[in-house]
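S.K.: only geometry, no sequence info:
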């Protein structure tokens, strides 16, 4: 029996799977943030955007399937790589690695675990509306252009973020997402062999900027709701 692991499941393959799934998820985060920001364009704009997303079920569910596969792949490969690293890590240089590592890299496991739990809650909260079934009773909104009766996503978002603990949970989770992205996006470049010594500072700055842009974009919505700017 061959003692070597299958080439399809070695650490290099897992790192490429992590990078590919991370790229998909990081891209989705930006698209999702831009969609959320349409709340500042008004009730009709956001509800029309949400309706367009829901109007083609094949595309919508295909998109959700890709996200589900990317999320499961990212989580499982992360767990596997962490176990491999712990098994192979010598105890003598543990302190040195901790000092040299960034905050983002040291907390990837923790931030990833909390973010996964938040994603589950977020889906149950706004998508499935299982935690707050009263959102299903919101009166339909009539789009100005087409006169179609659609679900009032705008009002649902405001109702959700008017609850202070939900907004607080959302803001904290977005801070962890920012931290996760600043290291994760940089790691994608490293896995692809693009982060050499000359490009490392620029790519790290790009990853940090990306994380902060996502953080500011997402938290601007609950903060604006709590401040009464969006109402």
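M.R.: Happy to help now that I have it. Given the structure is predicted, the values throughout are model-derived calculations rather than measurements.

S.K.: C-alpha only now, for contacts and for neighbours.
M.R.: OK.

S.K.: which parts of stretch 124-131 are buried?
M.R.: Buried positions in stretch 124-131, judged by neighbour count with 16 or more other Cα atoms under 10 Å: 125, 126, 129.

S.K.: okay, and the helix or strand of the protein with the least pLDDT?
M.R.: Taking mean pLDDT, DSSP states H and E as the measure, helix 94-100 is the helix or strand of the chain with the lowest mean score, a mean of 47.

S.K.: what's the closest of the buried residues of stretch 124-131 to residue 157?
M.R.: Nearest to residue 157 out of the buried residues of stretch 124-131 is residue 126 (Cα to Cα; 8.0 Å).

S.K.: Give me the phi and psi for residue 142.
M.R.: Backbone torsions for residue 142, taken as degrees, to the nearest 10, come to phi -100, psi 120.

S.K.: nearest spatial neighbour of it, skipping sequence neighbours?
M.R.: Distances taken as Cα to Cα, 6 or more residues apart in numbering place residue 149 nearest to residue 142, at 4.6 Å, with adjacent residues excluded.

S.K.: quick revisit: for the buried residues of stretch 124-131, give me TSV that also has distance to residue 38, secondary structure and pLDDT.
M.R.: TSV is the format used below for those (distance: Cα to Cα, whole Å; DSSP: H, G, I helix; E, B strand; the rest coil; pLDDT from 0 to 100):
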residue	distance to residue 38	secondary structure	pLDDT
125	19	helix	94
126	16	helix	93
129	21	coil	92
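
S.K.: Dump these into JSON lines; add distance to residue 20 as well.
M.R.: Shown next, in JSON lines, are the buried residues of stretch 124-131 (distance: Cα to Cα, whole Å):
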{"residue": "125", "distance to residue 20": "28"}
{"residue": "126", "distance to residue 20": "27"}
{"residue": "129", "distance to residue 20": "30"}
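
S.K.: in this structure, which spans are helices?
M.R.: With helices called from DSSP state H, the chain shows them at 11-36, 43-54, 57-88, 94-100, 103-106, 108-122, 153-161, 164-191, 200-226.

S.K.: among those, which gets the worst mean confidence?
M.R.: Confidence, taken as mean pLDDT, is least for helix 94-100 of those (a mean of 47).

S.K.: what's the spatially closest residue to residue 178 that is not a sequence neighbour in contact with, if anything?
M.R.: Excluding the flanking residues, the one nearest residue 178 by Cα to Cα, 6+ apart is residue 211, at 4.3 Å. Contacts for residue 211 (Cα atoms under 8 Å, 6 or more residues apart in numbering) come out as 177, 178, 179, 180, 181, 182.

S.K.: Look at the first one and say how many residues are nearby.
M.R.: A count of neighbours around residue 177, defined by other Cα atoms under 10 Å, yields 23.

S.K.: For residue 116, give its distance to residue 69.
M.R.: 14 Å (Cα to Cα, to the nearest Å).

S.K.: do the same with residue 177
M.R.: Taking Cα to Cα, one finds residue 177 at 19 Å from residue 69.

S.K.: Also residue 178?
M.R.: From residue 178 to residue 69 the distance is 22 Å (Cα to Cα).

S.K.: So for the two, which residue has more residues nearby?
M.R.: Between residue 178 and residue 69, counted using other Cα under 10 Å, the more crowded position is residue 178 (24 against 12).

S.K.: do you know how far that one is from residue 78?
M.R.: Distance from residue 178 to residue 78, counting by Cα to Cα: 18 Å.

S.K.: thinking again about what came up before, can you put the contacts of residue 211 in JSON lines and add distance to residue 54?
M.R.: Formatted as JSON lines, the contacts of residue 211 follow (distance: Cα to Cα, whole Å):
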{"residue": "177", "distance to residue 54": "26"}
{"residue": "178", "distance to residue 54": "28"}
{"residue": "179", "distance to residue 54": "31"}
{"residue": "180", "distance to residue 54": "29"}
{"residue": "181", "distance to residue 54": "28"}
{"residue": "182", "distance to residue 54": "31"}
